[in-house]
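Asker: for reference, the sequence and a predicted model appear below.
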Amino acid sequence: HCRHSGTGPQRHQPQARGSGPGGARPRARHREGGPAMNDFRKIGIGLTAFGAGFTALGVLLLFNKGLLAMGNVLFLSGVSLIIGAQRAVRFFFQARRAKASAFFFGGMALVLVGWPIIGMALEAFGFVNLFGDFFPVAISFMRRMPVVGNILSLPILKDYVDKIVSANKLPV
């Protein structure tokens, strides 16, 4: 058995590129709000979808306040992860969106307090006023989906959907 005592020649371990004597290598970061689909955005999309699902289930089950509250928390968490916490705060608390945000968050508070019907009515009004500018973009995206696109192309819905999309092209 040959044992190395540490006094012989040492093997040189190459340093990782970009790492200096001070420590770890700097990581490449995507700027917040960039087009890259990172893990936070993927999780945020899932949370937002689950929030919408819990909210829909809460409404279907006669305004179950537990499901509605879970839907609200998941939706807000998802939006915050999709666009980032700072951008979410800036979005909700802009001066021109103050009234819509007050209705939206006031409705959430009423749901949590125990008045789910009035809370959901206020929340729906605030939601439409906050996110209404994004509806044309969302509908344009849904038109390209396989099953949903066929449904939106039905003669009954086509005229109504065309009015929504032509009203505003982009929310920016």
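Answerer: Here it is on my side, so go on.
Asker: which strands and helices lie in contact with the longest helix seen in the chain?
Answerer: Of all segments of type helix in the chain, defined using DSSP state H, the longest is helix 39-60. Here helix 39-60 touches helix 65-83, going by 3 or more CB pairs under 8 Å, 6 or more residues apart in numbering; DSSP states H and E. Quick note: C-beta positions are derived from backbone N, CA and C, even for glycine.
Asker: how far does the helix it packs on sit from the chain's center?
Answerer: 9 Å (CA atoms, centre = their mean, to the nearest Å).
Asker: now the helix or strand just after that helix: buried residues?
Answerer: Remark: after helix 65-83, the chain's next helix or strand is helix 85-92, criterion DSSP states H and E. For helix 85-92, burial by neighbour count (16 or more other CB atoms under 10 Å) applies to Ala88, Phe91, Phe92.
Asker: still on that earlier bit, for the longest helix of the chain, the averaged confidence score.
Answerer: The average pLDDT for helix 39-60 rounds to 93.
Asker: alpha carbons only: can I get that helix in CSV?
Answerer: Extracted as CSV, the C-alpha positions of helix 39-60 are listed here (Å, rounded to 0.1, in the frame of the first residue of the first chain):
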residue,chain,number,x,y,z
ASP,A,39,-37.8,28.5,-14.0
PHE,A,40,-39.5,31.4,-12.1
ARG,A,41,-41.7,32.2,-15.0
LYS,A,42,-42.6,28.6,-15.6
ILE,A,43,-43.6,28.2,-11.9
GLY,A,44,-45.4,31.5,-12.1
ILE,A,45,-47.5,30.3,-15.1
GLY,A,46,-48.4,27.2,-13.1
LEU,A,47,-49.3,29.1,-10.0
THR,A,48,-51.5,31.5,-12.0
ALA,A,49,-53.2,28.6,-13.8
PHE,A,50,-53.9,26.9,-10.5
GLY,A,51,-55.1,30.2,-9.0
ALA,A,52,-57.6,30.6,-11.9
GLY,A,53,-58.6,27.0,-11.4
PHE,A,54,-59.2,27.3,-7.7
THR,A,55,-61.1,30.5,-8.2
ALA,A,56,-63.4,28.9,-10.9
LEU,A,57,-63.9,25.9,-8.6
GLY,A,58,-64.7,28.2,-5.7
VAL,A,59,-67.3,30.0,-7.8
LEU,A,60,-68.8,26.7,-9.0
